[in-house]
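Trainee: Let's see this in three dimensions:
(2 chains)
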2 protein chains.
Amino acid sequence: MLDVITAQKAKEILECHFFDAFKNEITQIDISDCDGHILAEDIVANENLPAFNRSTVDGYAVIASDTFGCSESLPAMLKFAGKVNMGEHCNITLEKGQCVYVPTGGEVPDGADSMVMIEYVEDYNDGFRYIEKPTAPGQNMIFKCDEASIGDVMIEKGKQITPKLIGVMASLGYSKVKVYKKPLIGIISTGDELVPISENPDIGQIRDVNSYTLASLIRECGAEAKPYGIIKDDYDILKATVEKASSECDMLLISGGSSVGEKDSTAKILEEVSGSELLFHGLAVKPGKPTICADFNGKALFGLPGHPLASFFIFSVFVKPLLLNMAATDNLIKTAKATLASTIPSNHGREEIMPVKLTENGEAVPVYNKSGLISVLSDADGYIIIPRDCEGLLKEQTVEVILF
Amino acid sequence: MLDVITAQKAKEILECHFFDAFKNEITQIDISDCDGHILAEDIVANENLPAFNRSTVDGYAVIASDTFGCSESLPAMLKFAGKVNMGEHCNITLEKGQCVYVPTGGEVPDGADSMVMIEYVEDYNDGFRYIEKPTAPGQNMIFKCDEASIGDVMIEKGKQITPKLIGVMASLGYSKVKVYKKPLIGIISTGDELVPISENPDIGQIRDVNSYTLASLIRECGAEAKPYGIIKDDYDILKATVEKASSECDMLLISGGSSVGEKDSTAKILEEVSGSELLFHGLAVKPGKPTICADFNGKALFGLPGHPLASFFIFSVFVKPLLLNMAATDNLIKTAKATLASTIPSNHGREEIMPVKLTENGEAVPVYNKSGLISVLSDADGYIIIPRDCEGLLKEQTVEVILF
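Mentor: I've put the predicted structure just below:
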């Protein structure tokens, strides 16, 4: 018999044992390779940006007050004092009554405080330009330091890197950035009934699905997966593999062998690995009761159910938050509010994880399944949690769906 | 002057010219490498799953009717007829009054129609087992074909591969799957003012931000980016690079040189590349007016604004849907409903793209910016579109936010 603990208690144990134990290593990588990584440094402006007053249009730099009151019928006549070339410093200082041509992105000369778009300027080749629309100070230009001044923190460390942040980093001249190394997570599949997925299972055998789903779930959390393959139900071989993997990896997931059957040796091994402390064996959660966790010198060693669906859910509910914490981000669990499409009865005295499908009009439809039927995952968009000691959820009740 | 067209018209042109023109190549890859790829085949069950009646618990296979009416004080006494080992076929045929031990995942013998969990069975070493709780037919077991029968389509082609789908594919024995090859998208940055991001810009120079943001945006759409570097404003060199890139890639993005300034030669080149047809030059969109598109034998060649922010938005609004279509998926544009936190005036006669920040209570706060200020992107979570010929949006109005 398993001495089960509640989901809440298990979460507290995990948080207390592991949330502060893991120290991410830091590495520096090229910004072309940093999509999805977690920033390990603040991105600080090391210069003023822009470093000069910059035009945002093709047109003429002017002193705005020179254009006040002008119109198509009475244009402001300004002396053409030269042009600015892209990529070159402008030596002209604009004086009252003058204008200078500046292309988009070019430097607006000293003295000027506004840009008039080329569309509103006539050129009759007489050394003057005729401005047909008044402009206000600051229009069509960006002033020095508008984007950033030296020392400004533009992105705080801990953020996951997306295209928009790559833009900010590139603007500030960061060609390399410090990111957290991905935590390395070992996966062991155990069970005499398991065969590689490329083989046709005989009667009594099943494919090793968990090595693949767990690896993909791990990668989705921003960590790296290291599969150790299928290990037969042999105490010595399994123990040796667990010892090797738990010293090589930052966390270990063992799927299968976590129940109390005659050949389920995972719990025994997790207790007997030197330096390991068994934290719990058995959760009041459906599906996922035969779940084990041990603390190996601050590393979490999990025994997950062998059933693919139970293993998928236990990962999502208990392992994922821990892994996101290790990967130094917590912004990957996405939820959505929805209206329950039908009443779900429940009186198990244990927390129940129920897969649901989301409809276009915001309803959550329960996807009923028997434990082990991973094919329901192709229908479900996420899951809801039915609390322990609750008699179920009512139709039209608002629920929070945790999205896959 | 640009002869601008509306955003709506531009979208129609893009759809009509390019949505059906691109034919994805198909490649076969290992399921360990297929995260995020787009399925190019239906995933079909090639066998019955499970292939045998399977237990979902450790316990005893029984004929359910043998247990009806039993209790702790009056257990059902069943003859122990043997045990099933994991991974082995079971030769026993269960008869009335018998039970067989089956571990989780093991084969339930012929004749049995239910599993009793080990917790409800007593063993006094007398050749019998004492069942203390009645069970119903079908309980704690999965019948043959419950997951899939031969020929069932389990996942339809076109879906993006996620952990849950990897689980389904692994269950069905797919160790390799057919996916679409990622479209290859060329990026050219042009402008004499551009310097590599690792350099400190002189006065009048700016860093080549767009090569990096566009590459990251392209990768986010499931395509591959091929940067051609910074090309100076030299007609011949730029033309040669455009010709090379448009023959090598499936789409080309040229950022900069798309306006009507003296050195803006992108439009001219896109017209003069042999086999290319200029579709539009100028959009009634703010920011992003100087946008160009040409059709080169069914490939889209874009001239994007040089301003990093305008280029980011034009990509998001016009290029991204095209790219998602090429990558054979359309499920990557995420939106959220929100309440506008303040009134936004607008009367430009052109569509306006306004970045917004989402608050915790579901409000969208406009992030005002001058074109070119990519640092606003570190604050914004997405953008809203203010329609053309609309006088603005009102405070507390519900808006659709397109998320970054």
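Trainee: continuing past the lowest-mean-pLDDT helix or strand in chain A, what's the next helix or strand?
Mentor: One helix or strand of chain A scores below all others by mean pLDDT, DSSP states H and E: strand A:206-207, with a mean of 86. Later in the chain than strand A:206-207, the nearest helix or strand by DSSP states H and E is helix A:210-220.
Trainee: ok so, going back, and the least confident helix or strand of chain A, what does it pack onto?
Mentor: Identification of packing neighbours for strand A:206-207 by 3 or more Cβ pairs under 8 Å, 6 or more residues apart in numbering or on different chains; DSSP states H and E yields strand A:194-195. Glycine gets a C-beta too; all of them are placed from N, C-alpha and C.
Trainee: make it 10 Å
Mentor: Strand A:206-207 is packed against strand A:194-195, helix B:163-171, with contacts defined by 3 or more Cβ pairs under 10 Å, 6 or more residues apart in numbering or on different chains; DSSP states H and E.
Trainee: How far away from the center of its chain is the first one?
Mentor: Here the centre of strand A:194-195 is set off from its chain's centre by 33 Å, with Cα atoms, centre = their mean, to the nearest Å.
Trainee: Need the residues that contact that strand.
Mentor: With Cβ atoms under 10 Å, 6 or more residues apart in numbering or on different chains as the test, strand A:194-195 has contacts from A:201-202, A:205-211, A:229-233, A:255-256, A:306, B:86-87, B:105, B:173.
Trainee: and residue A:182, what is it in contact with?
Mentor: Residues near residue A:182 by Cβ under 10 Å, 6+ apart: A:24-25, A:27, A:36-38, A:218-219, A:221-225, A:250, A:326-327.
Trainee: and of the residues you listed, the nearest to chain B?
Mentor: residue A:219 (5.8 Å; Cβ to the nearest Cβ).
Trainee: List buried residues within the contacts of residue A:182.
Mentor: A:24, A:36-38, A:218-219, A:221-223, A:225, A:250, A:326-327 (16 or more other Cβ atoms under 10 Å in any protein chain shown).
Trainee: from those residues, which two are the most distant?
Mentor: The distance between the two most remote of these (Cβ to Cβ) is 18.2 Å, for A:36 and A:250.
Trainee: what's the spacing between residue A:387 and residue A:222?
Mentor: As judged by Cβ to Cβ, to the nearest Å, residue A:387 and residue A:222 stand 29 Å apart.
Trainee: and what of residue A:89?
Mentor: For residue A:89, the distance to residue A:222 (Cβ to Cβ) stands at 44 Å.
Trainee: one step back: of the buried ones among the contacts of residue A:182, which belong to strands?
Mentor: Applying DSSP state E to those, the entries found in strands are residue A:225.
Trainee: wouldn't residue A:247 be in contact with residue A:301 here?
Mentor: No: in this structure, residue A:247 is not within contact of residue A:301 by Cβ atoms under 10 Å, at 11.2 Å.
Trainee: list residues touching both of these two?
Mentor: The contact lists of residue A:247 and residue A:301 share A:186, A:273, where a contact means Cβ under 10 Å, 6+ apart.
Trainee: Which one's more surrounded, those two?
Mentor: residue A:301 (27 against 14; other Cβ atoms under 10 Å in any protein chain shown).
Trainee: what residues are up against that one?
Mentor: A:186, A:188, A:242, A:245-246, A:249, A:251-254, A:266, A:269-270, A:273, A:276-279, A:292-295.
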